[in-house]
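> sequence? don't have it. structure:
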Ligand SMILES: [Zn+2]
Ligand SMILES: [Zn+2]
């Protein structure tokens, strides 16, 4: 059964609220905001596939430490799936032998800790039988959402995005999508900030939901942890036939 376990589902870190990491299988995770503090050593060793939605710090935060962990435990490697552009941003700014070593050359260039698998918008790829369709979403840097499919089940995952017709169009084209994880970062009071940073408020999410042509369960995530109560109060005011549930860490999102 297709499910996503949110290890961290917030737009920042605060107390036990953690940055984004979504476990799709025991070996596959979307983003690395919080894997090091959420998984034990054996679970971390099982991570073989890391999908990165974009280069923002809250999504790549644990990638350097995870690479160091894998290298130091022996000849362990893993694959990073993202676009050429996003990988170049991460390599040039983090794994640049200044901020952190280049783990695509360690321990050896031939057999490195980080292997890179380039992915492209609208070109599906599979990991262990699960299909991921990368979708270009509307954020301040190049950013990916996904349609995630297994057998006849499908989940749409928005990544970090503002108002995005491309994401809506992909959901509308595929009636097998019954579950949507949709970012809702800021309360309605901070709409200007949400718009400038290309995130969503609950009112803007309501506008997006009105464009969806078939019923879905909505799971909101990437809430700013210090504003969670205010955002959830705004979410409760949304008038929509769709069920909207704020995501909770460790509570699996399943297909409904
Ligand atoms: Zn983010
Ligand atoms: Zn972002």
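Received, thanks. Here the structure is a predicted model, which is why all the values come from computation and not from measurement. Ligands and ions are numbered 1, 2, ... in the order given.

> ramachandran coordinates for the nearest residue to residue 185 once chain neighbours are set aside?
Counting by C-beta to C-beta, 6 or more residues apart in numbering, residue 199 is the residue found nearest to residue 185 once chain neighbours are left out, at 3.6 Å. Using the backbone N, CA and C atoms, a C-beta is placed for each residue, glycine as well. Dihedral pair for residue 199: phi -130, psi -180, per degrees, to the nearest 10.

> for residue 199, give its distance to ligand 1.
Relative to ligand 1, residue 199 is positioned 8 Å away (C-beta to the ion, to the nearest Å).

> who in the stretch 151-256 of the chain is up against ligand 1?
residue 160 (C-beta under 5 Å from the ion).

> mind doing that once more with 8 Å?
160, 183, 185, 199, 222 (C-beta under 8 Å from the ion).

> now these in CSV, with secondary structure and pLDDT?
Shown next, in CSV, are these (DSSP: H, G, I helix; E, B strand; the rest coil; pLDDT from 0 to 100):
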residue, secondary structure, pLDDT
160, coil, 98
183, strand, 98
185, coil, 98
199, coil, 98
222, coil, 98
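
> so where is the protein shaky, pLDDT-wise?
256 (pLDDT under 70).

> near ligand 2, which residues of it show up?
53-54, 56, 58-59, 139-141, 143, 160, 197-199.

> separate out the buried members of the residues you listed.
Buried members of the residues of the chain next to ligand 2, scored by 16 or more other C-beta atoms under 10 Å, are 53-54, 56, 58-59, 139, 143, 160, 197-199.

> since we're on residue 251, how many residues are nearby?
A count of nearby residues for residue 251, using other C-beta atoms under 10 Å, gives 12.

> brain fart, residue 105
Residue 105: 14 surrounding residues under other C-beta under 10 Å.

> try residue 138
Residues near residue 138, counting by other C-beta under 10 Å, number 19.

> would you check that it makes contact with residue 159?
No - in this structure, residue 138 is not within contact of residue 159 by C-beta atoms under 8 Å, at 9.9 Å.

> other SSEs contacting whichever strand or helix holds residue 88?
Assigned by DSSP states H and E, residue 88 belongs to helix 84-93. Here helix 84-93 touches strand 114-118, going by 3 or more C-beta pairs under 8 Å, 6 or more residues apart in numbering; DSSP states H and E.

> on that earlier part again, of the residues of the stretch 151-256 of the chain next to ligand 1, which is the nearest to ligand 1?
residue 160 (4.4 Å; C-beta to the ion).

> next one: phi and psi at the closest one?
According to degrees, to the nearest 10, residue 160 has phi -80, psi 120.

> just the one 5 residues further on next, same as before
Recorded main-chain torsions at residue 165 are phi -60, psi -30, according to degrees, to the nearest 10.
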